[in-house]
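> for reference, the sequence and a predicted model appear below.
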Amino acid sequence: MKEKNPNFFFELQLEEDQSIKLAFWADARSRAACEYFGDVISFDTTYNTNRYNLVCGSFVGVNHHGQSTLLGCSLMKNEEIESFKWLFQCWLRCMGGNAPKGFLTDQCASMKRALEACMPTTVHRWCIWHIMKKIPSKLNGYKAHADIEQQMSHVVWNSHSKDSFDRNWNDFLVNFGLADNKWLSGNVFLNSAAEV
């Protein structure tokens, strides 16, 4: 591929049996797009594993039309800190050492530690989509869980500043008697949702 396009970037780390342990690649279009749309990156591994037991990850930005733009891909045999460090260092080499201003991920502790090590100036936030996806399982035991979910979604998606979010969130917790719920009142949810 590199012979056809010198701007195609890839790196591999192989196991002793020559199977893939880690792989990262980005084509010329992805690398060029990153110059314009690489301020905030979302990294997602929810595609999980394929038949070769490799986790597929994607680096995604958002263009000026609000559309997702693929900025790189990866395959990983595991989701350990050292694997993420290798991957994020590849990302930086590929993109000329330019770390994004913001980085969105799921709530993976290994990713968080690797980002802190590789991109210390980048602001790391948990993706609101991943947080909101957990709501049904976290609220299923409450009698009025459907109303709670609906009001929570309203607060999260319609609070347009940190102050309005804080005010609306506190009202939401009080109205539904949820101030003692550790998941809802803890910093895990508030810190991520407030930054949306």
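That came through, no problem. Numbering: from 1, shown residues only.
> list the beta-bridge partners for V60.
Note on V60: beta-bridge partners by DSSP bridges are S42, L70.
> hang on, it packs against S74?
No. With contact defined as Cβ atoms under 8 Å, V60 and S74 do not form a contacting pair (12.0 Å). The C-beta positions use only the backbone N, C-alpha and C, and glycine is treated the same way.
> remind me which residues of this protein are low pLDDT?
Low-confidence segments of the chain (pLDDT under 70): 1-3, 48-50, 186-196.
> would you agree N98 is in contact with G38?
Yes. Assessed by Cβ under 8 Å, N98 is found in contact with G38 at 6.9 Å.
> among the two, which residue is more densely surrounded?
Set side by side, N98 and G38 show more neighbours around G38, with 21 against 13, by other Cβ atoms under 10 Å.
> my guess is that one contacts M95. True?
Yes. Assessed by Cβ under 8 Å, G38 is found in contact with M95 at 6.6 Å.
> can you give me the helices for this structure?
28-37, 81-94, 109-118, 128-133, 135-139, 145-158, 162-175, 182-185, 187-193 (DSSP state H).
> of all the ones you listed, which lies closest to N7?
The minimum distance between N7 and the helices of the chain falls on helix 28-37, with 3.6 Å, by Cβ to Cβ.
> report the central residue of the chain.
Central residue check for the chain by Cα atoms, centre = their mean: the C-alpha nearest the mean position is that of T105, 1.8 Å away.
> can you name the residues that contact that one?
With contact set as Cβ atoms under 8 Å, 6 or more residues apart in numbering, T105 has these partners: 42-44, 111-112, 115, 124, 126-127.
> for it, name its beta-bridge partners.
Residues in a beta bridge with T105, per DSSP bridges, are W126.
> cool, thanks, talk later.
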